[in-house]
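Visitor: quick one, structure for this:
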Amino acid sequence: MSRFVLIIPFGALTLMLAACSSFPWLTKEEPAATSVPTAKNRCLLESEDCPPRKMTITELIDGLKHEIARGEAVYTPAELRKLENKLSDYEVMYDRLMYGNND
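Guide: I've put the predicted structure just below:
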């Protein structure tokens, strides 16, 4: 009896594994997260195609840092310099707003 109780769960497991391999739609495979999307953020780069809601200065800074981190896989060196200049300008504005620094 105890041998029979052990065989049933292993048999069920075997059937489930066979079903997953026979029906690939049962196992969802996500695309690899290592691929870098090639779409440029035109709102941050050229102030075009921006959403109706304006981003806060901290959202702009975070977005610029994220886009710069994507690097030359997405942006040209000139576009990266433009994003870095915008980031620098927004960081200066943020410091002036938060801390009153006028440097």
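Visitor: what element comes up after the least confident helix or strand in the chain by mean pLDDT heading to the C-terminus?
Guide: Within the chain, no helix or strand scores below helix 2-22, which has a mean of 58 by mean pLDDT, DSSP states H and E. The first helix or strand that comes after helix 2-22 along the chain, using DSSP states H and E, is helix 42-46.
Visitor: tell me what that following helix is packed against?
Guide: Helix 42-46 sits against helix 57-70, helix 77-99, with contacts defined as 3 or more Cβ pairs under 8 Å, 6 or more residues apart in numbering; DSSP states H and E. Yep, even glycine has a C-beta here, placed from its N, CA and C like the rest.
Visitor: near the residue lying closest to Leu60 once chain neighbours are set aside, how many other residues are there?
Guide: Nearest non-adjacent residue to Leu60, counting by Cβ to Cβ, 6 or more residues apart in numbering: Tyr90, 5.3 Å away. Neighbourhood size, Tyr90 [other Cβ atoms under 10 Å]: 16.
Visitor: quick one: pLDDT of Tyr90?
Guide: At Tyr90, the predicted lDDT confidence score is 96.
Visitor: swap in Asp62?
Guide: Confidence score, pLDDT, at Asp62: 97.
Visitor: distance of it relative to Pro77?
Guide: Distance, Asp62 to Pro77, by Cβ to Cβ, to the nearest Å: 22 Å.
Visitor: so the two - more neighbours on which side?
Guide: Asp62 (12 against 9).
Visitor: hang on, Tyr90 packs against Ile61?
Guide: Yes. Under the criterion of Cβ atoms under 8 Å, Tyr90 makes contact with Ile61 at 5.2 Å.
Visitor: what comes up buried for stretch 93-103?
Guide: Tyr94 (16 or more other Cβ atoms under 10 Å).
Visitor: please begin residue numbering at 505 from this point
Guide: Sure thing, new numbering starts at 505, so read that last one as stretch 597-607.
Visitor: got a list of contacts for it?
Guide: 561-562, 565 (Cβ atoms under 8 Å, 6 or more residues apart in numbering).
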